[in-house]
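Asker: show me the folded form of this:
(one chain, ligands or ions: 1)
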Amino acid sequence: MKKIQKLGHWIDGLEISGKSTEILPVVDPGSGQMIATVARGEQADVDLAIGAATKAFSSGKWPGLAPHQRSRLMLEWARLIGRERANLATLLSKENGKPLSQADGEVETTIRNLEYFSGWADKVHGRVVPLQENVFDYIRQEPLGVVGHITPWNYPLDIFARGVAPCLAVGNTVVVKPAEETPLSSIELARLASEAGIPAGVVNVVTGLGAEAGAALASHSGLQALSFCGSIEAGKQVLVAAAQNITPVVSLELGGKSPCIIFDDSDVTRAAESIAGGVCFNAGQSCGFLSRILVQKEIFSTIVETILNVLANVHLGYGLDDPDMGPLVSETQLERVLGYIQQGRREGAVLSLGGNRASGKMLDNGFFIEPTVFTNVEPGMQIVEEEIFGPVIAIMSFGSEEEAIEIANASKYGLSAEIWSRDLSLTHRVAAKLDVSHVTVNGGGGFGIEAPFGGVKQSGFGREGGWESILQYSRVKNVWINL
Ligand code: ADP
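Answerer: This next block holds a predicted model:
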């Protein structure tokens, strides 16, 4: 039998097994098999990691470096990730289940985050404020100190990098708690940071459960700031825990129920194909996944028909075989998604496609689900209100522009939205009225690391990406000098 790899935390530049002898299994969702174990972190491990990060910060080992030196080390880290690109993509695909080409794309985003934010390191300068004669007043843009990052399983590398790269650029040190489902790629990233010459203690990873290692991190008095991405329930607990020490939670991203509004003058085929592609991408397990499809009445049946045609031919398979769509991340997630589908049926939505656990050769042991389409949905149904986090969409129709905006905004979430139309004025008008932080027009789907992304309403707050990340992970100090 193949030996199962047993991994520890990455603290102070070393892999350590941690205080407890307890371990957690990491399961390949495509086969249902255990592929590795990681340490089940507890308070003492978080204390150790915060201690190492604090030492690396206050000794000046990292913030004391010249900004261009930090930048070079970040670039070297990016280069090593590039060298390990194939291995990292394989590891990510195995722990998460995503198709290999999507895992490879995520490694690319990780590299880009480090490249992009390394460029900011020597460009974060303060300002001089003209106050009055004989006073020289200036504002320093300073690092925060030790920043905690609690990351989810859907984009483990990307979300690690988008938070850690800007932190490092301004001189912070970090402790990352990856999701228990997908810790392997994060440990590997931290190992590569050390190999790149980033000083010990600057990048630490503590593995473990949310309620244990995650809670210990969120409530730690040694943190200067916290960034969290995950569910609303866990996000609320993190806010309460951080409040005990008045730790600012600078970024809290809690998912979405993003609307896609298709007007009758749009390129119908492109719109439908793009939506179907979104259903398959990461098996619908994306915060910005367009899961509420709003179609203008005149084109409703054409759009539905095209989406169904594309999705009926989707090839499900094992991530490393690079299928159209891989499995869900875990059995728990599979059961959750199937529960929502049952609820949708009970509430009277019409199941137009899928709805079942996928079976067949190669699929039986993994956590696969068919792409699923509901039509005839009504506001108030659970499948319309709640984030399912699986390849399930709900399609509904609208009449006027005003009605589309009203339906789109009738959600507790507010992360992203998409508009399809050839009418430029209409797209600008609607984009301005949508209660979200990110709008795409006529496809595109994703978001650039150079631009801000985050939530409004219960999707959270804070912005990751671009200059906003630098602002969020730094603080200002005003200095008044009497001349
Ligand atoms: P999901 O429900 O999609 O699995 P979670 O919100 O539970 O997502 O998990 C996202 C991240 O938050 C994971 O790293 C998880 O371990 C962590 N987490 C979950 N609960 C807590 C908590 N109470 N305190 C801190 N971190 C938590």
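
Asker: C-alpha from now on. contacts and neighbour counts both.
Answerer: Will do.

Asker: who in the protein is up against the ligand?
Answerer: Contact residues, the chain versus the ligand (C-alpha under 6 Å from any ligand atom): 150-152, 177-180, 209-211, 214-215, 218, 230-231, 234, 237-238.

Asker: can we see that at 5 Å?
Answerer: Residues of the chain lying close to the ligand (C-alpha under 5 Å from any ligand atom) are 151-152, 178-179, 209-211, 214-215, 230-231, 234, 238.

Asker: pipe those residues into TSV and attach neighbour count, distance to Leu308 and secondary structure per row.
Answerer: What follows is the residues of the chain next to the ligand, written out as TSV (neighbours: other C-alpha atoms under 10 Å; distance: C-alpha to C-alpha, whole Å; DSSP: H, G, I helix; E, B strand; the rest coil):
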residue	neighbour count	distance to Leu308	secondary structure
Thr151	28	34	coil
Pro152	22	30	coil
Pro178	29	36	coil
Ala179	22	33	coil
Leu209	19	39	coil
Gly210	21	38	helix
Ala211	13	40	helix
Gly214	30	40	helix
Ala215	21	43	helix
Gly230	19	30	coil
Ser231	17	29	coil
Ala234	17	35	helix
Val238	25	40	helix
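
Asker: mind listing what the spatially most central residue of the chain touches?
Answerer: By C-alpha atoms, centre = their mean, the chain has its centre lying nearest to Ile159, at 4.6 Å. By C-alpha atoms under 8 Å, 6 or more residues apart in numbering, the residues touching Ile159 are 151-152.

Asker: next secondary structure after the helix or strand harbouring Ile393?
Answerer: Using DSSP states H and E, Ile393 sits in strand 392-398. Next in sequence after strand 392-398, counting helices and strands by DSSP H and E, comes helix 401-409.

Asker: where's that following helix relative to the chain centroid, distance-wise?
Answerer: Distance of helix 401-409 from the chain centroid (C-alpha atoms, centre = their mean, to the nearest Å) equals 27 Å.

Asker: buried sites along that helix?
Answerer: For helix 401-409, a neighbour-count test (16 or more other C-alpha atoms under 10 Å) marks 404-405, 407-409 as buried.

Asker: need the helices for the stretch 351-483 of the chain, in chain order.
Answerer: Listed in chain order, the helices of the stretch 351-483 of the chain (DSSP state H, counting those that start in this stretch) span 382-385, 401-409, 424-433, 466-472.

Asker: okay if I get these as a markdown table plus mean pLDDT?
Answerer: Listed next are the helices of the stretch 351-483 of the chain as a markdown table, based on pLDDT from 0 to 100:
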| stretch | mean pLDDT |
| --- | --- |
| helix 382-385 | 97 |
| helix 401-409 | 98 |
| helix 424-433 | 98 |
| helix 466-472 | 97 |
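
Asker: redo those helices as CSV? Include distance to Ala243.
Answerer: Shown next, in CSV, are these (distance: least, C-alpha to C-alpha, whole Å):
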stretch, distance to Ala243
helix 382-385, 29
helix 401-409, 30
helix 424-433, 33
helix 466-472, 18
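
Asker: what packs against the strand holding Ile393?
Answerer: strand 290-296, strand 372-375 (3 or more C-alpha pairs under 8 Å, 6 or more residues apart in numbering; DSSP states H and E).

Asker: pick the most deeply packed of those.
Answerer: Counting by mean count of other C-alpha atoms under 10 Å, strand 290-296 has the highest mean neighbour count of the helices and strands packed on strand 392-398, with a mean of 25.

Asker: from the contact counts, what lies against whichever helix or strand comes after it?
Answerer: Moving toward the C-terminus from strand 290-296, the next helix or strand (DSSP H and E) is helix 300-312. Helices and strands touching helix 300-312, by 3+ C-alpha pairs under 8 Å, 6+ apart, are helix 268-280, strand 350-353.
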